[in-house]
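Visitor: Please work out how this folds:
(one chain, ligands or ions: 2)
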Amino acid sequence: MEFFKELLTLFCTAVVVFGGGFYYFTCLFGPAELKGKTAVQLSGGSLDKEKVKEGYEQYWSFFQRGVNGNDLNASDKVPAFVDTFYNLVTDIYEWGWGQSFHFSPSISGKSHRDATRMHEEMVVDLLDLKPKARILDAGCGVGGPMRAIAAHSGANIVGITINEYQVERARAHNKRSGLDSLCEVVCGNFLKMPFDDNSFDGAYSIEATCHAPKLEEVYTKIYRVLKPGSRYVSYEWVTTELYDSEDPEHVEIIRGIERGDALPGLRSYKDIAEIATKVGFEVVKEKDLAKPPAEPWWTRLKMGRIAYWRNHIVVTILSWLGIAPKGVVDVHDMLYVTADYLAKGGDAGIFTPMHMILCRKPE
Ligand SMILES: C=C(CC[C@@H](C)[C@H]1CC[C@H]2C3=CC[C@H]4[C@H](C)[C@@H](O)CC[C@]4(C)[C@H]3CC[C@]12C)C(C)C
Ligand SMILES: C[S@@+](CC[C@H](N)C(=O)[O-])C[C@H]1O[C@@H](n2cnc3c(N)ncnc32)[C@H](O)[C@@H]1O
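Guide: Ligands and ions are numbered 1, 2, ... in the order given. Just a heads-up that it's a prediction; the model follows:
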């Protein structure tokens with residue numbers, strides 16, 4: 001009898017601990033910013049819940065075909081492929097990373113949140129932003145950087161993203177943070193750039209133009225909408241001088257990064273200034289912000305490994321219960337693998353997500 005009582009107590013304790021833990025991780029836990037997403041709210045962006053698995057399979061097969069030299073070389077198809085990618089990953093990014101979809105160097109004694117904000121606020125100094133200036137954010141995501149930059153400078157930011165779901169999220173965050181009078185979001189393709197010539201006092205893009213199949217296409221459009229004399233800064237994803245295209249291990253890492261991040265092909269650091277100059281910009285400054293004394297940007301990715309396992313269990317259970325869409329587990333697994341390739345790229349020094357280029361449109 002005593003034994004059964006103990007067994008029952010043990011069982012009840014396990015139920016309370018597991019149930020409480022599961023409730024915490026699915027309904028309460030999220031990034032330490034404004035509470036954006038919890039696990040029970042994971043969706044497929046603008047895709048119907050039933051279409052997430054199909055969307056993932058399409059993304060994957062499109063990529064496979066692209067690697068063999070078809071679709072990814074057709075520039076006109078890339079924006080749709082990128083849009084599908086962001087339908088699949090936006091909620092997971094917000095849930096597991098925050099509202100800023102980029103990396104930043106680690107800073108000892110500072111939280112990830114502070115390091116992220118400082119990396120974003122650097123744009124304010126580089127562009128010498130003043131209150132009321134009209135600034136373009138090319139590839140704005142759900143607007144983490146836009147809000148930090150607007151709040152720090154008082155400038156008016158107009159963000160553009162190809163993904164309708166991100167527009168909805170960004171607008172909701174702008175409103176919630178009381179920055180909607182300074183921050184505007186437009187759904188559109190930055191390869192077409194639906195804005196008037198000479199209509200911006202400055203522009204920036206943070207880890208976004210890497211999605212353009214041809215960098216000159218997006219740089220030309222940014223150049224067109226800038227007023228003469230104004231500046232553009234970009235944090236580019238590139239391979240570094242240590243990358244050896246003859247080394248199979250290097251090639252595998254870079255392919256892994258491209259596959260898991262919807263990239264039509266990573267460029268070399270050497271190409272960036274050349275392309276900026278070709279479209280008419282003067283290059284004011286160029287620097288890999290990941291180089292020492294900066295501390296590794298990939299530490300945060302590595303530190304999260306246990307959390308990724310916990311997240312894997314949470315999404316698997318939610319998907320099994322029918323709360324999260326079916327393909328979410330595949331998408332999460334893909335990101336898990338991608339995180340590993342990114343960290344390997346950082347460790348080997350062959351890849352950087354923060355090759356900064358500061359340009360000026362001549363008077
Ligand atoms: C600029 C781009 C995105 C950069 C990063 C914001 C994202 C790159 C890889 C992403 C992640 C990988 C692992 C995920 C983890 C398995 C999950 O449990 C929680 C979310 C991740 C940490 C996720 C978060 C965003 C990234 C770090 C590209 C697309 C050009
Ligand atoms: C990795 S996210 C970075 C978002 C934001 N800069 C940040 O740091 O949080 C890349 C962004 O570029 C946008 N993007 C990619 N290709 C685009 C295109 N052709 N036109 C407009 N936006 C695009 C994506 O929709 C996404 O918002």
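
Visitor: For ligand 2, see how far away the residue nearest in space to the middle of the chain is.
Guide: The structure's the chain has its C-alpha centroid closest to residue 101; by CA atoms, centre = their mean the separation is 3.0 Å. Note on residue 101: its distance to ligand 2, by CB to the nearest ligand atom, to the nearest Å, is 4 Å. C-betas here are computed from N, CA, C, even on glycine.

Visitor: Does that residue touch residue 139 like I think?
Guide: No. If you go by CB atoms under 8 Å, residue 101 and residue 139 don't touch, sitting 9.2 Å apart.

Visitor: Mutual contacts of those two, please.
Guide: residue 207 (CB atoms under 8 Å, 6 or more residues apart in numbering).

Visitor: Residue 354 and ligand 2: what is the separation?
Guide: 11 Å.

Visitor: Would you confirm that that residue contacts residue 290?
Guide: Yes. Residue 354 lies in contact with residue 290 (CB under 8 Å); the separation is 5.2 Å.

Visitor: which residues are in contact with both of these two?
Guide: With CB under 8 Å, 6+ apart, residue 354 and residue 290 have common neighbours 105, 297.

Visitor: for residue 241, what are its contacts?
Guide: Contacts of residue 241 by CB under 8 Å, 6+ apart are residue 269.

Visitor: Surely it is in a helix?
Guide: No. According to DSSP: H, G, I helix; E, B strand; the rest coil, the state of residue 241 is coil, so it is not within a helix.

Visitor: which is the next helix or strand following whichever helix or strand residue 229 is part of?
Guide: Per DSSP states H and E: residue 229 is located in strand 226-239. Proceeding N to C from strand 226-239, the next assigned helix or strand is helix 248-260, under DSSP H and E.

Visitor: Secondary structure element holding the residue lying closest to residue 197 once chain neighbours are set aside?
Guide: In space, not counting the residues next to it along the chain, residue 197 is nearest to residue 224; the distance is 5.5 Å by CB to CB, 6 or more residues apart in numbering. Here residue 224, judged by DSSP H and E, is contained in helix 215-225.

Visitor: between that helix and strand 226-239, how many degrees?
Guide: Per axes from the mean of the first three to the mean of the last three CA atoms, to 10 degrees, the angle that helix 215-225 makes with strand 226-239 is 160 degrees.

Visitor: In stretch 125-134, which residues are buried?
Guide: Using 16 or more other CB atoms under 10 Å as the test for burial, stretch 125-134 gives 126, 127, 129, 133, 134.

Visitor: meant to ask about stretch 244-262
Guide: 250, 253, 254, 256, 257, 258, 259, 260, 261, 262.

Visitor: at contact distance from ligand 1, anything in that stretch?
Guide: Yes. Shown here: stretch 244-262 in contact with ligand 1 (CB under 6 Å from any ligand atom) through residue 261.

Visitor: Also stretch 82-90?
Guide: No. Contact of stretch 82-90 with ligand 1 (CB under 6 Å from any ligand atom) is absent, the minimum separation being 7.3 Å.

Visitor: before we move on, back to that, looking at the residue nearest to the centre of the chain now. What's its pLDDT?
Guide: As predicted, residue 101 sits at a pLDDT of 98.

Visitor: Name the SS class of it, please.
Guide: Per three-state DSSP, residue 101 ends up coil.

Visitor: Distance check, it against residue 244.
Guide: 29 Å (CB to CB, to the nearest Å).

Visitor: the helices in this structure, which residues?
Guide: Per DSSP state H, the chain carries helices over the ranges 2-23, 52-67, 78-96, 112-127, 144-153, 164-176, 215-225, 248-260, 269-278, 299-303, 305-320, 328-348.

Visitor: Confidence-wise, which of these is weakest overall?
Guide: helix 2-23 (a mean of 57).

Visitor: Okay, the residue nearest to residue 45 when sequence neighbours are not counted and residue 130: tell me how far apart.
Guide: Among residues not flanking residue 45 along the chain, residue 87 sits closest, at 3.2 Å (CB to CB, 6+ apart). The gap separating residue 87 from residue 130 is 36 Å, by CB to CB.
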